[in-house]
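J.: With the sequence up front, the predicted model follows.
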Amino acid sequence: MGDIAKRVVAGIVTALVVGVCLPAARVLAGENPPQDAFVMKLYDGDIPGAVASEDLETIRDPEHPDTFIQKVTYPTLTGYLPNPELATGVAVVICPGGGYGGVSIVKEGYQVAERLQSQGIAAFVLKYRDPLDATMADKKFGPLQDVQQALAKVRSNAQQWHLNADKIGVMGFSAGGHLASSAAVHFNDPVLSSLAPDEVRPDFQVLIYPVISFDDAIGHLGSRTNLLGDPAGQKWIDYFSNDTQVNAQTPPAFLVHAGDDGSVVVENSLSYYRALKASDVAAGMLILPSGGHGFGMRNPVDWFATMLQWMKSEGIY
């Protein structure tokens, strides 16, 4: 049992049946997942490591089309399966951004999933828990536990959903990119003792303007404070500075960042890319001339098309 697992109550991972998902998972008014998507609870029964709490989840501005969900207490997966005639067997778990203070579920979740689905890639939007002391025993591991659980759940349902269990990746935006890269570098020590490394390791990673480092010089300090608290403690700053955690077993990566990003500086992606190359991990990177931060799919440069080309070059797609 790994060090992380010893701090969290172990849970039994049981696959959910698609047909019974919708009534069981909470969907807020204004969240509006598309009709062809299905929503399922991430965990069967109690959430391991959770603190008994009322459901704190809210939407920041219910009238805004880019729904931003805050204080997520009960995580869900929203699945998009492609038309069988287009299906490639590839699947992606999507981690929207939000600075570990919420989840930008539409712009960095549903809209991305629809594009993936249209290209024959199954997509699963993860509404992961915000790291809150009120809802979890150790908040710094709550989001990582959720993405590992999501990867294990998708992999365990690969046959049912006609997926290739060896082509299940993770994608993340901003702080969701930090979460996705955390899944890519910390799979050898799953948060839950009920999960094994081969269940939670993503086969590839796609990181869009990701938070990578928690170092003072280049890190996004708001995300760091939300996840680790203040003061964060150097041990955990190092642990969650994912550019320092790369090794030869880290899965292949594709990174996208705008050079003029004023919120999460491009050095986050550059540092991660250099670490990947130093460990001989296959990596591609697209630096956009402009776009700032948080553009999702809405950049004049079609980064998504370049991502697909990279996936083809790596034999993923």
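T.: Sure thing, it's come through.
J.: Which single helix of this protein contains the most residues?
T.: Once the chain is assigned using DSSP state H, the helix that runs over the most residues is helix 142-156.
J.: now the helices for the stretch 1-150 of the chain?
T.: Remark: helices assigned in the stretch 1-150 of the chain by DSSP state H, counting those that start in this stretch are 21-24, 111-118, 142-156.
J.: from those, which stretch is densest packed?
T.: A comparison of the helices of the stretch 1-150 of the chain by mean neighbour count, using mean count of other CB atoms under 10 Å, puts helix 142-156 on top with a mean of 25. For the C-beta atoms, the positions are set from N, CA and C on the backbone; glycine is no exception.
J.: which helices and strands does that one pack with?
T.: strand 76-80, strand 91-95, strand 122-127, strand 168-173, helix 175-185, helix 197-200 (3 or more CB pairs under 8 Å, 6 or more residues apart in numbering; DSSP states H and E).
J.: Kindly state the beta-bridge partners for Ala50.
T.: Taking DSSP bridges as the rule, Ala50 bridges to Met136.
J.: got the contact list for it?
T.: 135-137 (CB atoms under 8 Å, 6 or more residues apart in numbering).
J.: okay, the angle between the strand or helix carrying Ser269 and helix 175-185?
T.: Following DSSP states H and E, one finds Ser269 within helix 267-278. Interaxial angle, helix 267-278 versus helix 175-185 (axes from the mean of the first three to the mean of the last three CA atoms, to 10 degrees): 20 degrees.
J.: looking at the chain, which residue ends up farthest from its center?
T.: Glu85 (27.2 Å; CA atoms, centre = their mean).
J.: how much space between that one and Pro231?
T.: Going from Glu85 to Pro231 by CB to CB, to the nearest Å gives 54 Å.
J.: now do Ala180
T.: On the measure of CB to CB, Ala180 and Pro231 end up 26 Å apart.
J.: ok, now Arg274?
T.: 28 Å.
J.: cool, Tyr273 as well?
T.: From Tyr273 to Pro231 the distance is 29 Å (CB to CB).
J.: Which of those two has more residues huddled nearby?
T.: Remark: of Tyr273 and Pro231, Tyr273 carries more neighbours, 23 against 9, as counted by other CB atoms under 10 Å.
J.: Could you check the pLDDT of the more buried one?
T.: At Tyr273, the pLDDT value in this model is 98.
J.: Likewise for Met297?
T.: 96.
J.: With Ile12 instead?
T.: Value for Ile12, per-residue pLDDT: 26.
J.: Need the residue closest to the centroid of this protein.
T.: Cys95 (2.8 Å).
J.: surely that one meets Val147?
T.: Yes - counting by CB atoms under 8 Å, Cys95 does reach Val147; the two are 6.1 Å apart.
J.: Return every residue with contacts to both of the two.
T.: 126, 128, 170, 179-180.
J.: Just the element for His257, please.
T.: Applying DSSP H and E, one finds His257 within strand 253-258.
J.: same question for that strand, mean pLDDT?
T.: Mean predicted confidence for strand 253-258 is 98.
J.: any idea of the angle it forms with helix 175-185?
T.: Here strand 253-258 points in a direction 160 degrees away from that of helix 175-185 (the same axes, to 10 degrees).
J.: tell me the angle of strand 253-258 relative to strand 168-173?
T.: In terms of direction (the same axes, to 10 degrees), strand 253-258 departs from strand 168-173 by 20 degrees.
J.: helices and strands around strand 253-258, which ones?
T.: strand 205-208, helix 267-278, strand 283-288, helix 303-313.
J.: which one is Gln119 nearest to, not counting chain neighbours?
T.: Leaving aside its chain neighbours, Gln119 sits nearest to Leu308 (6.5 Å; criterion: CB to CB, 6 or more residues apart in numbering).
J.: With Gly142 as the reference, measure out to that neighbour.
T.: Following CB to CB, the distance that separates Leu308 from Gly142 is 32 Å.
J.: Spatially, what comes nearest to Tyr317 if we skip its sequence neighbours?
T.: Closest to Tyr317 by CB to CB, 6+ apart is Met311, at 3.6 Å.
J.: same thing with Gly101?
T.: Nearest one to Gly101, counting by CB to CB, 6+ apart, is Asn226 at 5.1 Å.
J.: quick one on the thing from earlier: TSV for the helices and strands packed on strand 253-258, including distance to Ala258?
T.: Formatted as TSV, the helices and strands packed on strand 253-258 follow (distance: least, CB to CB, whole Å):
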stretch	distance to Ala258
strand 205-208	10
helix 267-278	10
strand 283-288	4
helix 303-313	10
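J.: Please identify which of these is closest to Gly296.
T.: Comparing these by their distance to Gly296 (CB to CB), the top pick is strand 205-208, with 8.0 Å.
J.: list the buried ones in the helix or strand just after that closest one?
T.: The first helix or strand that comes after strand 205-208 along the chain, using DSSP H and E, is helix 221-228. The neighbour-count check on helix 221-228 (16 or more other CB atoms under 10 Å) flags 223-228 as buried.
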